[in-house]
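S.K.: how would this look folded up:
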Amino acid sequence: MTLGSLWPLFARETQVLLVAGTVSVLAGVAIGLAPAIGFQPAGGGGEAPLELLLPSLFLSLGGGYAVLFPGIRVGRGKVHIVRDWKLYPVSGRLLWILAHATAVIGLVACVLAAATNPAVPGLLVWLFMGPYLALTGWAAALLGMAANVRLIGHVDGPLAPVTRAS
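M.R.: Below you'll find the model as predicted:
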C-alpha cells in the first residue's frame, strides 16, 4: 500500500481538506519565518510586526487542524500503531515518525530560543505546531485507511460513511 494506492479511497471532502490544510500550513510557516529569523521590515523596532504574526498563526494552526481532524476521521477501525506497525504503508510510518521528530525538534528549539529572547518561543510554537498537526493528520489518514483496507478488503472509490446501528 502506498499513498498513491490509498489516495483514491479517501472521500473527496477529505482530499480537499488534507491538501488545503497542508498548503495553509506551508503558507503560515513561510510568513512566520521572516519574523522568527529576525527579519524586521524597514522602520521596524525590536518587535515582530503583528501584521505578519497573526496571519502566520491563523494559517499555520488553522491549516494543521484542517488536516488533523479529517485525518483522524478516516480510520473506521482501531489503529494499533505498535502491534500492526509492519502492516502499515511505509509512507504512513515515515510521516508518523517525522511528526514526532518535528514535535521534539520544536520543543528543543523553543527551549533554546528562550535563552536568547523570551518572546521568540511564542512565535516558534506555532511554526512547529502547524507542521506537527499536519504531519500527524496525514499519518493518521494513511494509517487509518490502511487499517480500513485490511479490515474490509480493497474497495473501488471512496468508502461509504459508517452508520451505527442502534
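S.K.: What is the strand or helix carrying Gly21 packed up against?
M.R.: Taking DSSP states H and E as the definition, one finds Gly21 inside helix 12-36. Contacts defined by 3 or more C-beta pairs under 8 Å, 6 or more residues apart in numbering; DSSP states H and E place helix 12-36 against helix 50-74, helix 120-152. For the C-beta atoms, the positions are set from N, CA and C on the backbone; glycine is no exception.
S.K.: quick one: low-confidence ranges for the protein?
M.R.: Where the chain drops to pLDDT under 70, the residues are 1-5, 36-50, 77, 82, 153-166.
S.K.: Find the residue at the geometric middle of it.
M.R.: Ala134 (0.7 Å; C-alpha atoms, centre = their mean).
S.K.: For it, list the residues it contacts.
M.R.: Residues near Ala134 by C-beta atoms under 8 Å, 6 or more residues apart in numbering: Gly21, Thr22, Val25, Gly63, Gly64, Val67, Leu68.
S.K.: Need the nearest residue in space to the fifth one, chain neighbours excluded.
M.R.: If I follow you right, that is Gly64. In space, and not counting its chain neighbours, Gly64 is closest to Leu133: 2.9 Å by C-beta to C-beta, 6 or more residues apart in numbering.
S.K.: Ok, the fourth one next?
M.R.: Counting by C-beta to C-beta, 6+ apart, Ser24 is the residue found nearest to Gly63 once chain neighbours are left out, at 2.7 Å.
S.K.: Same question for the second one.
M.R.: What sits nearest to Thr22 in space, not counting adjacent residues and going by C-beta to C-beta, 6+ apart, is Ala134, at 5.5 Å.
S.K.: Would you mind measuring from that neighbour to Ala114?
M.R.: In this structure, Ala134 and Ala114 are 25 Å apart, going by C-beta to C-beta, to the nearest Å.
S.K.: same thing with Gly92?
M.R.: Using C-beta to C-beta, Gly92 is found at 34 Å from Ala114.
S.K.: more neighbours, the two?
M.R.: Neighbours per residue (other C-beta atoms under 10 Å) separate Gly92 from Ala114, with Gly92 holding more: 25 against 14.
S.K.: Could you verify my assumption that that one touches Ala146?
M.R.: Yes: Gly92 is within contact range of Ala146, at 6.3 Å (criterion: C-beta atoms under 8 Å).
S.K.: Can you lay out the contacts of Ala134 as TSV showing distance to Trp138 and neighbour count?
M.R.: TSV is the format used below for the contacts of Ala134 (distance: C-beta to C-beta, whole Å; neighbours: other C-beta atoms under 10 Å):
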residue	distance to Trp138	neighbour count
Gly21	9	26
Thr22	8	20
Val25	11	29
Gly63	12	26
Gly64	11	25
Val67	6	29
Leu68	9	23
